[in-house]
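Asker: turn this into a structure:
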Amino acid sequence: MDETILQRIPHRPPFLFVDKIIERRGDGLVAALEWKADSDFYKGHYPDHPITPGVLLCESVFQTAGIFLSEQMPPEAKLVPVLTRIHSARFKNLVRPGAVVTMEVKLIETHDGRFFTLRGFVREDAKLALTIDFTVAMIEDLPI
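Answerer: Got it, this is the predicted structure:
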């Protein structure tokens, strides 16, 4: 796993859904994840024909966005990404256990320097599985 991921977002296994960063762009980021076939949630999510839960596909995009946005902030700011709104989500294809997917996020708009609207995509090979538009706030570090 890319150590940069652990430095940029507070998520940790078993709720970390980004394995590596593929490409950094000025307006976004591309990351990858292998959906492990032995993950517990597959045992109960369509057990005879398991599929990756859509909410977890969305979460993988949100975490990718969190990494991107964290890299845009000065390190001393100690801001963490928090999802504030889902504008739309469209599921196009199923993602099966064992699939390797890419998550891509693109910055659409910035509001007041702390709120960011993004568009995300999940693809397995060239096949689109999800498109989602959402807003993330960068907030002061969460108290423990």
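Asker: for the rest of this, base every contact and every neighbour count on C-alpha atoms.
Answerer: Noted.
Asker: if I pick residue 87, what's in contact with it?
Answerer: 132, 133, 134, 135 (C-alpha atoms under 8 Å, 6 or more residues apart in numbering).
Asker: pLDDT at it, what is it?
Answerer: We have a pLDDT of 98 for residue 87.
Asker: secondary structure element holding it?
Answerer: According to DSSP states H and E, residue 87 maps onto strand 79-91.
Asker: likewise for residue 110?
Answerer: Following DSSP H and E, one finds residue 110 within strand 100-111.
Asker: tell me what that strand is packed against?
Answerer: Judged by 3 or more C-alpha pairs under 8 Å, 6 or more residues apart in numbering; DSSP states H and E, strand 100-111 is in contact with strand 28-34, helix 54-72, strand 115-124.
Asker: how far is the last one from where the chain is centred?
Answerer: Mean-position distance between strand 115-124 and its chain equals 8 Å (C-alpha atoms, centre = their mean, to the nearest Å).
Asker: next SSE after that strand?
Answerer: Heading C-terminal from strand 115-124, the first helix or strand you meet, by DSSP H and E, is strand 127-140.
Asker: so the residue of the chain most remote from its centre, which of the three states?
Answerer: Note on the chain: the largest separation between a C-alpha and the mean C-alpha position, by C-alpha atoms, centre = their mean, falls on residue 48 (27.0 Å). Under DSSP: H, G, I helix; E, B strand; the rest coil, residue 48 falls in the coil class.
Asker: let me know the pLDDT of it.
Answerer: 94.
Asker: for this structure, which spans come out with low pLDDT?
Answerer: Scanning the chain for pLDDT under 70 picks out 1, 142-144.
Asker: tell me, what residue is most central in it?
Answerer: Here the mean C-alpha position of the chain is nearest to the C-alpha of residue 61 (C-alpha atoms, centre = their mean), at a distance of 2.4 Å.
Asker: ok so, going back, make a markdown table from the helices and strands packed on strand 100-111 and add distance to residue 88 to it.
Answerer: Shown next, in a markdown table, are these (distance: least, C-alpha to C-alpha, whole Å):
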| stretch | distance to residue 88 |
| --- | --- |
| strand 28-34 | 19 |
| helix 54-72 | 11 |
| strand 115-124 | 9 |
